[in-house]
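**Student:** starting from these lines, generate the structure:
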Amino acid sequence: MNERAWSVEAAIFDFAGEDSLLICPVMVLELFHPTVARWFKERFGAPSPPQLEAWPAIRRGEDVLVAAPTGSGKTLAAFMAAIDGLVRDGLNGSLGDELRVLYISPLKALSVDIAENLEHPIQGIFERIA
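**Tutor:** Numbers count the residues shown, from 1 in each chain. All right, here's what the predicted structure looks like:
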């Protein structure tokens, strides 16, 4: 079942079904800074269905809850949007010394989430910027 529930406050996506919206991966990656998009494309090739549908809503500033199977890219969908904002602000000199992102994770998943969805992307993106 692939139901999408929409409200004024949040966009909720359920990706258990096969009939997700058809969204162009190239257009979705254009939402990101070119270096961030290049890193993602080189590392993963193309976005997963949850990423394809979540990124435009996240970029519009909507509150987004993504429900999808383990390993589908949910966490990276959130981290990529946050990392992209930090990269853009860092490159234009407006990145202040302040808390910008708060991520809450079950303790069991925290170390993997940090390594796979934060440290590796940041390292790969900075290598391409330098």
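**Student:** which secondary structure element of the protein has the lowest mean pLDDT?
**Tutor:** When each helix and strand of the chain is scored by mean pLDDT, DSSP states H and E, strand 5-6 comes last, with a mean of 33.
**Student:** buried ones in the helix or strand encompassing K108?
**Tutor:** Assigned by DSSP states H and E, K108 falls within helix 107-114. Residues D113 are the ones in helix 107-114 that count as buried (16 or more other C-beta atoms under 10 Å). Where C-beta positions appear, they are placed from N, C-alpha and C, glycine not excepted.
**Student:** so what secondary structure elements neighbour it?
**Tutor:** Other helices and strands packing on helix 107-114, by 3 or more C-beta pairs under 8 Å, 6 or more residues apart in numbering; DSSP states H and E, are absent; none qualifies.
**Student:** how about the spatially most central residue of the chain, secondary structure?
**Tutor:** Nearest to the geometric centre of the chain sits A77, at 2.2 Å (C-alpha atoms, centre = their mean). Assigned by DSSP: H, G, I helix; E, B strand; the rest coil, the conformation of A77 is helix.
**Student:** P69 now?
**Tutor:** coil.
**Student:** low pLDDT regions in the chain?
**Tutor:** Applying pLDDT under 70 to the chain flags the ranges 1-23.
**Student:** show me the strands in it, by range?
**Tutor:** 5-6, 10-14, 63-67 (DSSP state E).
**Student:** so which bits of the last one are buried?
**Tutor:** Neighbour counts over strand 63-67 (16+ other C-beta under 10 Å) mark 64, 66 as buried.
**Student:** packing partners of that strand?
**Tutor:** Checked by 3+ C-beta pairs under 8 Å, 6+ apart, strand 63-67 has strand 10-14, helix 49-59, helix 74-91 packed alongside it.
**Student:** of all those, which gets the most neighbours per residue?
**Tutor:** Most buried of these, by mean neighbour count (mean count of other C-beta atoms under 10 Å): helix 49-59, with a mean of 21.
**Student:** many thanks, I have nothing further to ask.
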